[in-house]
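*Asks:* Below is the sequence, then the predicted model.
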Amino acid sequence: MQIEGKCKEVLDKTEWVAIATCGDNGPHIVATWGEYVRALKTEDSRIIVIPAGYYNITEANLKINDRVELLIASKQVQGTNSLGQGCCISGKGEIQTSGKFADLARSKFPWARGAFVITVENVSTQL
């Protein structure tokens, strides 16, 4: 599934991205800056690439269960009922420490050990 319409607009303007995974110890939430996601934007709107610094628990969770959910929001986007729009993006994720996405992440973020790559499967608006 591609990110388009209202959710693409939100992703283009969000300040932060909340990232949820689930492992043996239950849910785990981390976050990243929206500008990091935009800096690694690919031509394929079904793929989201995030520079991976630590994300050790996230990576361990993904090895057990590759499902991931992202929550994004922006007050700069007109919502359905009010100022501000949120979107939930779900799909499958993995931490890649080699390959084109890992190289891309390290080229823009020298501190990154690789890339957190999410293949989008569902997008829905929130709020």
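*Replies:* Received the coordinates, thanks.
*Asks:* how about the nearest residue to the residue sitting furthest away from the middle of the chain, chain neighbours excluded?
*Replies:* Relative to the centre of the chain, the most outlying C-alpha is that of Asn81, 24.9 Å out, by Cα atoms, centre = their mean. Once flanking residues are discounted, Asn81 sits nearest to Leu127: 7.2 Å by Cβ to Cβ, 6 or more residues apart in numbering. Bear in mind the C-beta positions are built from the backbone N, C-alpha and C, glycine included.
*Asks:* And Leu70, its phi and psi?
*Replies:* As for Leu70, its main-chain torsions (degrees, to the nearest 10) stand at phi -110, psi 140.
*Asks:* I'd like to know which elements the host helix or strand of Ser90 is packed against.
*Replies:* Assessed by DSSP states H and E, Ser90 sits inside strand 83-96. When contacts are defined as 3 or more Cβ pairs under 8 Å, 6 or more residues apart in numbering; DSSP states H and E, strand 83-96 sits against helix 5-13, strand 47-52, helix 56-64, strand 67-78, strand 114-126.
*Asks:* packing partners for the longest one?
*Replies:* By that I understand strand 114-126. helix 5-13, strand 47-52, strand 67-78, strand 83-96, helix 100-108.
*Asks:* how many other residues sit next to the closest residue to Val30 other than its chain neighbours?
*Replies:* Once flanking residues are discounted, Val30 sits nearest to Ile19: 5.0 Å by Cβ to Cβ, 6+ apart. A count of nearby residues for Ile19, using other Cβ atoms under 10 Å, gives 21.
*Asks:* what's the angle between the helix or strand where Ile19 lies and strand 67-78?
*Replies:* Per DSSP H and E, Ile19 falls inside strand 16-23. Angle, strand 16-23 to strand 67-78, by axes from the mean of the first three to the mean of the last three Cα atoms, to 10 degrees: 160 degrees.
*Asks:* Just checking: what are the partner strands of strand 16-23?
*Replies:* Here strand 16-23 has these sheet partners by DSSP bridges: strand 26-33 (antiparallel), strand 67-78 (antiparallel).
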